[in-house]
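Q: A structural model of the following input is requested.
(chains A, B, C and D)
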2 protein chains.
Amino acid sequence: MYTIGAMSKATGVKVPTIRYYEEIGLLDEPGRNAGNQRRFDQAGMDALGFIKHARDLGFSLDDIRALMGLDGQLGDDCVEADQIARSQLENVRERIAKLEQLARELERISHLCDGGNGGCCKVLTALGDHSQCAGDHG
Amino acid sequence: MYTIGAMSKATGVKVPTIRYYEEIGLLDEPGRNAGNQRRFDQAGMDALGFIKHARDLGFSLDDIRALMGLDGQLGDDCVEADQIARSQLENVRERIAKLEQLARELERISHLCDGGNGGCCKVLTALGDHSQCAGDHG
DNA sequence: TGTAGTTGCTCTAGCCACTAGAGCTTCAAG
DNA sequence: CTTGAAGCTCTAGTGGCTAGAGCAACTACA
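A: The predicted model follows:
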């Protein structure tokens, strides 16, 4: 049996966040002790670990809900779980591509001010004038 | 003189978002016509274009507020504007690095299910077990 | 057994950057 | 003069938490 604090320490998920996950039905309500404090079992710990890992991988809580709903019925649903993971991968790759475009743009803008002083600064101008951009970010 | 709809069309910022920017003091309150409708001038249009471009580049509204506050006093403040831009670039690069780590992890997980069928699926297991991960994402 | 300090509880409100909807008024075209 | 689009204000909701108030319960030590 784990206290909420022990769960937090073990998984790295903050205490109010654990309560939040319970509130939105992502974590099953744990039992309580005589003093009304939560006492989690191993299943709760595993579930929270799963959620944490999936969150770190960028899955939304809705994705995670779907993934957890599939659990225990690994079979046909394998396909569904795999699809969620692949769509997340797609998503991440798109975000990387977009951010790389932005990085190039920001580099260009920063180079306009390489000296720093001297009244040469075009940073604000560059930000105000999209037509100077190389690619079509955003 | 531009209506809010014309501003929206010209910049790609949605009408309620323009009102929101005004509400939080990012955009100056425009004049109104006899019927209490907003009428923006060129300065308002330029400001909105600036905000849009900066938002697309990933700047927070607070960053933008700071950048706009510098406007008109390009000189020493050039340094400050440049710093904001560079720190944003740093930020973007960090996000890219993190996402690339995640993409690798998701690729690994997806490969576990390459066939799709056959009861071989380890996607959920992999998500539940961080110790299988190569790097330390998250 | 007492007490101090930590951890737990519930509840409300706030964060960012919008977005949606209700219910109304004003404008522009025909 | 009517119709339909566009405008107005206001409230509430989104995701994923985070912060704080004000209290109760647990734990370690004297």
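Q: Show me chain A divided up by domain.
A: Under the assignment automatic domain parsing, the domains of chain A span A:1-71, A:74-138.
Q: can you redo those domains as JSON lines with mean pLDDT, mean neighbour count and distance to B:Leu127?
A: For every residue, glycine as well, the C-beta is placed using N, CA and C. As requested, the domains of chain A are exported to JSON lines (pLDDT from 0 to 100; neighbours: other Cβ atoms under 10 Å in any protein chain shown; distance: least, Cβ to Cβ, whole Å):
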{"stretch": "domain A:1-71", "mean pLDDT": "93", "mean neighbour count": "16", "distance to B:Leu127": "5"}
{"stretch": "domain A:74-138", "mean pLDDT": "71", "mean neighbour count": "17", "distance to B:Leu127": "8"}
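Q: Among the ones you listed, single out whichever gets nearest to B:Asp129.
A: domain A:1-71 (7.7 Å; Cβ to Cβ).
Q: quick check, that closest one touching DNA strand D?
A: Yes - Domain A:1-71 lies within reach of DNA strand D by Cβ under 7 Å from any atom of the strand, at A:14, A:16-17, A:20, A:33-37, A:55, A:60-62.
Q: Which one of those is nearest to DNA strand D?
A: Closest approach to DNA strand D among those (Cβ to the nearest atom of the strand): A:Gly35, at 2.1 Å.
Q: Dump the domains of chain A to a markdown table, plus distance to B:Asn91.
A: Formatted as a markdown table, these follow (distance: least, Cβ to Cβ, whole Å):
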| stretch | distance to B:Asn91 |
| --- | --- |
| domain A:1-71 | 17 |
| domain A:74-138 | 9 |
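Q: will you turn these into JSON lines that also has distance to DNA strand C?
A: Below are the domains of chain A laid out as JSON lines (distance: least, Cβ to the nearest atom of the strand, whole Å):
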{"stretch": "domain A:1-71", "distance to DNA strand C": "2"}
{"stretch": "domain A:74-138", "distance to DNA strand C": "11"}
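Q: so which pair among the residues of domain A:1-71 next to DNA strand D is furthest apart in space?
A: Top of the distance list for these (Cβ to Cβ): A:Ala34 and A:Ser60, 37.2 Å.
Q: Point me to the residue sitting closest to the centre of chain A.
A: A:Gly58 (3.5 Å; Cα atoms, centre = their mean).
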